[in-house]
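**Student:** below: sequence and its predicted model.
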Amino acid sequence: MIRADRRHLVRTLADLAAQQGIGIDQYTRLKPYQAAGFPAPVSSQGARTQLYDGDQVDAYLQGEPVPPLPTGEDGSDLLDRRECAALIGVTPTTWTSYKRDPALTGVRVEVGGVEHWPRSAVQAFQDNRPSRKGAAPGGRPKRTGDQVPRDQLPALTAELLDADPTISAAAVADQLGVHRDTAQDALTHQRADRIADRIEADPALTPAQAAAALGYPAAQTRRATVRAATVLRARRAAAYLSDVAAALHRAGLTTTAAVPDVQHPADNLVVAVLLLDGEHAPAPALVWDERHGWRTAPSRRHPLRGTSVPPEGEGVRYLATGTTPAPDALTTALTTPDE
C-alpha cells in the first residue's frame, strides 16, 4: 500500500530507470531492483505494476540505511485492488465489480498508472454497501423491470459466486429478482474474469482447466471460457493501448492520457475506444479492433457502430499498417491527410 501522505514519493520502474540514466528496456533486463537489500515494492504481492517508495530507493542508491515505512493503519492509506479486496474479505475480481459504485469512483486515484482507493473510503463502502437481502424472491415478476440496479448487479452476482461456484443463472435470477438472461450475462462475465485471473497465476492452464479448478461446472461455462480468452487478450494489449494514449496526448490530440476504454462485444472480440478531444483533433474518436487495427470513427456517441464487419464510409479511415503499429507511427498517420 501507499502509506498516508507518501503518494508524492511513489516511483515506477520507468522512474527508477530514468533516475539511473538508462532506458526502461535495459533496466528491466538487468533487474537491479531484484538485488539483495533493494527496497521492496509498496505494491501488493502479485501486482502487475511495481511501485516503490522514493525515500527508500534514494537511501539504498546512496549506500545509506533504508528507512522503514510508517506502520499501523491510517484512513488516508492508499490501497490497490488486491488490498481493497483483502480488507473487506472478497476476491480481487469481486472488488473489480464493487469499484464501479459511485461511492468509490469519486475517490479513486491513479498512482503510477495503478488504481488506488483511500482505506477510509473502502471501509465506509463496506459498512454501507448494498445487500442482496432486499431482492425480490422468485426472480423478476412478469411485466416488471429488474429489481436490482444495473450498476449493483456485478457486485451482487460476485457475492453469490463467492458463496457457491456452481450457482446457476436461474438461481442468480431467483435471488436477485432479475431476468434470467440478465443473470446469465452477469454470471458469465464474473466467471470469465476469474478464469482469466487463474490463468494469469498459472499460465499452463487452459480456460477449461482453469474453470474446473475454480469449481465451475463445464456445462455452465462454455461462454465464460471463450470470454476469458478474450479478457486475457485485452489485458495483454493494455500496455500497448496505454502507450498509444500517451503518444496522442503528447501530440495534443487528447486532453488527457487516459487509457482507452476496452470492450468485449459478443464475448469473443477485443475493441477499444479513444475519444479525441484535443482542439485540433482530425476525428471525433479512434477505435482499435484486434482484427483490423486502428480506424477513425465519425461519432463520439456511437464509435463502435459497425464492429461486426469492417466499417466503411464517410468519416472512417484505417490508419498505419498492421494491428499494433508503433504509437508514433499511428499519430503520424492520423495527422497526415489522405492524398
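**Tutor:** Yes, it's here. Note that the structure is a prediction, hence the values are computed from the model and not measured. Residues are numbered from 1 along each chain as shown.
**Student:** and the nearest residue to R317 once chain neighbours are set aside, what does it touch?
**Tutor:** Leaving aside its sequence neighbours, R317 sits nearest to T296 (C-beta to C-beta, 6 or more residues apart in numbering; 4.7 Å). No exception for glycine: its C-beta is placed from N, CA and C like everyone else's. Applying C-beta atoms under 8 Å, 6 or more residues apart in numbering to T296 gives the contacts 282-287, 315-317, 319, 334.
**Student:** measure T296 to A213 for me?
**Tutor:** With distances taken as C-beta to C-beta, to the nearest Å, T296 is found 43 Å from A213.
**Student:** now stretch 239-246: mean pLDDT?
**Tutor:** The average pLDDT for stretch 239-246 rounds to 90.
**Student:** could we number from 14 for the rest of this?
**Tutor:** Taking 14 as the first residue, the last one we looked at is stretch 252-259.
**Student:** ok now it, how far from the chain's centre?
**Tutor:** Relative to its chain's centre, stretch 252-259 lies at 14 Å (C-alpha atoms, centre = their mean, to the nearest Å).
**Student:** repeat for stretch 300-308
**Tutor:** 19 Å.
**Student:** identify the residues contacting it?
**Tutor:** Contacts of stretch 300-308 (C-beta under 8 Å, 6+ apart): 246, 250, 254, 257, 273, 282-287, 299, 309-310, 316-317, 320, 323-324, 329-338, 343.
**Student:** follow-up on the earlier one: which of the contacts of T309 fall in strands?
**Tutor:** Of these, the ones assigned to strands by DSSP state E are 298-300, 332.
**Student:** give me phi/psi at the nearest residue to R95 once chain neighbours are set aside?
**Tutor:** Counting by C-beta to C-beta, 6+ apart, S57 is the residue found nearest to R95 once chain neighbours are left out, at 4.1 Å. Note on S57: its backbone torsions stand at phi -70, psi 160 [degrees, to the nearest 10].
**Student:** identify the spatial nearest neighbour of A241, chain neighbours not counted.
**Tutor:** Using C-beta to C-beta, 6+ apart, the closest residue to A241 is I208 (3.7 Å).
**Student:** residues in contact with the strand or helix carrying the one you found?
**Tutor:** Here I208 is covered by helix 193-214, with elements defined by DSSP states H and E. Contacts to helix 193-214, defined as C-beta under 8 Å, 6+ apart, come from residues 59, 104-106, 109-110, 152, 159, 166-167, 170-171, 174, 180, 182-183, 185-186, 189, 191, 218-220, 223-224, 226-227, 229, 233-234, 236-238, 240-241, 243-245, 248, 280.
**Student:** ChimeraX command to pick out the buried ones of the residues you listed?
**Tutor:** The buried residues among those can be selected in ChimeraX (16 or more other C-beta atoms under 10 Å) with this line:
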select :104,105,106,109,110,152,159,166,167,170,171,174,180,182,185,186,189,191,218,220,223,224,227,229,233,234,236,237,238,240,241,243,244,245,280
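**Student:** what about S312, how many neighbours?
**Tutor:** 12 (other C-beta atoms under 10 Å).
**Student:** can you list the low-confidence ranges for this structure?
**Tutor:** 142-161, 319-323, 351-352 (pLDDT under 70).
**Student:** break it into its domains for me.
**Tutor:** Following automatic domain parsing, one gets these domains for the chain: 14-140, 145-233, 249-348.
**Student:** for the helix ranked longest in the chain, name the packing helices and strands.
**Tutor:** For the chain, the longest helix by residue count, based on DSSP state H, is helix 235-263. On a contact count with 3 or more C-beta pairs under 8 Å, 6 or more residues apart in numbering; DSSP states H and E, helix 235-263 meets helix 193-214, helix 220-226, strand 274-276, strand 284-288, strand 298-302, helix 340-348.
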